[in-house]
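Q: structure, please.
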Amino acid sequence: MTTSDELFAPVTEGVELCYQTFGDPDAEPLLLVMGLGGPMTWWPEDLCRQLAAAGFHVVRFDNRDTGRSTRIPGRVRFDHLLRGFAGRRVRAPYSLEDLARDVFGLMDHLGLASAHVAGISMGGMIAQTMALTAPQRVRSLASIMSSTGARAVGWQNPALIPTLLAPRGPGVEAYIRRSLMVWGIIGSPGFPQAEDELRSRAAETWERGIDEQGVVRQMLAVVTQRDRTRALRDLDVPTVVLHGLADKMVHVSGGRATAAAVRGARSVFVPGWGHDLPSALFPTFVSEIRRNADRAVGVG
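A: Just a heads-up that it's a prediction; the model follows:
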């Protein structure tokens, strides 16, 4: 099994993404797109290796404003978010379309005309946007715990709001405490993760670089996204939708709406699964992504 060091790719003007690859470079390329505020290491290394063993050349990366990738200028005020949440017009530093262009830029850097794409949460929204923007470049689409951009579906559980908005405090220990609180709410009740594992993930995330304003910039891109429902009805890319029935960050209605919108989409809804990637479900993730990719035979 070949694993690259962390590398850097200039993808669009002024934006450089940090990325890492797993597996045979001649295997089918699979790009893993992470969600809001998450570095690429939130795609667990063991899951990446299992996907590589299933016949993929796996690429994980830090989106702009996370991890070791480029930070974008532009401060977002709290009232900007409120206006965005309310559906009012607000100017965001960048959009989901910009984030999708970053991924296409990474593909260009890697010499990939097309690739399979799997995205989680905000990453699923980016992956959908990629498939709608340039379907010839997306061999297959896995939309994981994500939504269509329609405001009537995929909402957050109200219990999350006070925790997400509460002051964190300075330093790594404060970040770890906040992370434990958040994962305690959005984690999978049917597949609980050990506290030491969550602490280790939070510490690694802090070490890669935390930018609170970067998270808010990404959040504004999410709340100002367009409703893709109508466009998804015309999508002709093999698609699988994976979602947990216990997801409190993106309600399962978002996954159901995605599956209903894309003609021929497969869907898998898992009891007890929240908004995380528990190792007990790695075999499900790998088999469903592989099965969906196999529907794209002949796409290159």
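Q: low pLDDT regions in the stretch 151-300 of the chain?
A: Applying pLDDT under 70 to the stretch 151-300 of the chain flags residues 165, 298-300.
Q: switch to 80 and redo it
A: For the stretch 151-300 of the chain, residues meeting the criterion pLDDT under 80 lie at 158-169, 297-300.
Q: and the strands in it, which stretches?
A: Taking DSSP state E, counting those that start in this stretch, the strands of the stretch 151-300 of the chain run over residues 239-244, 266-270.
Q: return the most buried member of those.
A: Comparing those on average neighbours per residue, with mean count of other C-beta atoms under 10 Å, the densest one is strand 239-244 at a mean of 26. Every C-beta, even on glycine, is put in place using the N, C-alpha and C of the backbone.
Q: tell me the strands beside that strand, with direction?
A: Each strand paired with strand 239-244, and its direction, by DSSP bridges: strand 138-144 (parallel), strand 266-270 (parallel).
Q: do I have it right that residue 249 meets residue 158?
A: No - the pair residue 249 and residue 158 fails to qualify as a contact (C-beta atoms under 8 Å) at a distance of 12.0 Å.
Q: quick one: which of these two has more around it?
A: Taking neighbours as other C-beta atoms under 10 Å, residue 249 and residue 158 compare with residue 249 leading, 23 against 8.
Q: from residue 145, how far out is the more buried one?
A: Counting by C-beta to C-beta, to the nearest Å, the gap between residue 249 and residue 145 amounts to 7 Å.
Q: got any residues that touch both of those two?
A: 121, 275 (C-beta atoms under 8 Å, 6 or more residues apart in numbering).
Q: now do the same end-to-end measure for stretch 253-267.
A: For stretch 253-267, the first-to-last residue distance is 12 Å (C-alpha to C-alpha, to the nearest Å).
Q: for it, which positions count as buried?
A: Judged by neighbour count using 16 or more other C-beta atoms under 10 Å, the buried positions of stretch 253-267 are 253-262, 265-267.
Q: among those, which two are most distant?
A: When C-beta to C-beta is used, the two most widely separated members of those are 253 and 266, lying 17.9 Å apart.
Q: what is the neighbour count of residue 21?
A: A count of neighbours around residue 21, defined by other C-beta under 10 Å, yields 22.
Q: show me what it is bridged to.
A: With DSSP bridges as the rule, residue 21 is bridged to residue 59.
Q: my guess is it contacts residue 51. True?
A: No - contact between residue 21 and residue 51 fails when scored by C-beta under 8 Å: they sit 11.3 Å apart.
Q: find the residues that touch each one of the two.
A: Between them, residue 21 and residue 51 share the neighbouring residues residue 58, with contact defined by C-beta under 8 Å, 6+ apart.
Q: residue 10: which element?
A: Taking DSSP states H and E as the criterion, the element that holds residue 10 is strand 7-12.
Q: how far away is residue 81 from residue 115?
A: Computed with C-beta to C-beta, the distance linking residue 81 and residue 115 is 32 Å.
Q: between the two, which one's more packed in?
A: Neighbours were counted for residue 81 and for residue 115 using other C-beta under 10 Å; residue 115 has more, 23 against 18.
Q: my read: residue 143 touches residue 235, true?
A: No - distance between residue 143 and residue 235: 10.6 Å, which falls outside the contact criterion (C-beta under 8 Å).
Q: those two - which one has more neighbours?
A: Just comparing residue 143 and residue 235: by other C-beta under 10 Å the higher neighbour count belongs to residue 143, 31 against 20.
Q: contact partners for the residue nearest to that one when sequence neighbours are not counted?
A: Closest residue in space to residue 143, ignoring its immediate chain neighbours: residue 124 at 4.2 Å, by C-beta to C-beta, 6 or more residues apart in numbering. Applying C-beta under 8 Å, 6+ apart to residue 124 gives the contacts 33, 35, 142, 143, 144, 145, 146, 147, 258.
Q: correct me, but the third one touches residue 238?
A: No - Residue 142 is beyond contact range of residue 238, at 9.4 Å (criterion: C-beta under 8 Å).
Q: any shared contact partners between these two?
A: When contacts are counted by C-beta under 8 Å, 6+ apart, the set common to residue 142 and residue 238 consists of residue 292.
Q: so between the two, which is more surrounded?
A: Looking at residue 142 and residue 238 with other C-beta under 10 Å, you find the greater number of neighbours at residue 142, namely 28 against 24.
Q: who's that one bridged to?
A: residue 118, residue 240.
Q: where do the helices sit along the stretch 101-250 of the chain?
A: Under the criterion DSSP state H, counting those that start in this stretch, the stretch 101-250 of the chain contains helices at 122-133, 160-165, 172-186, 195-208, 212-223, 229-232.
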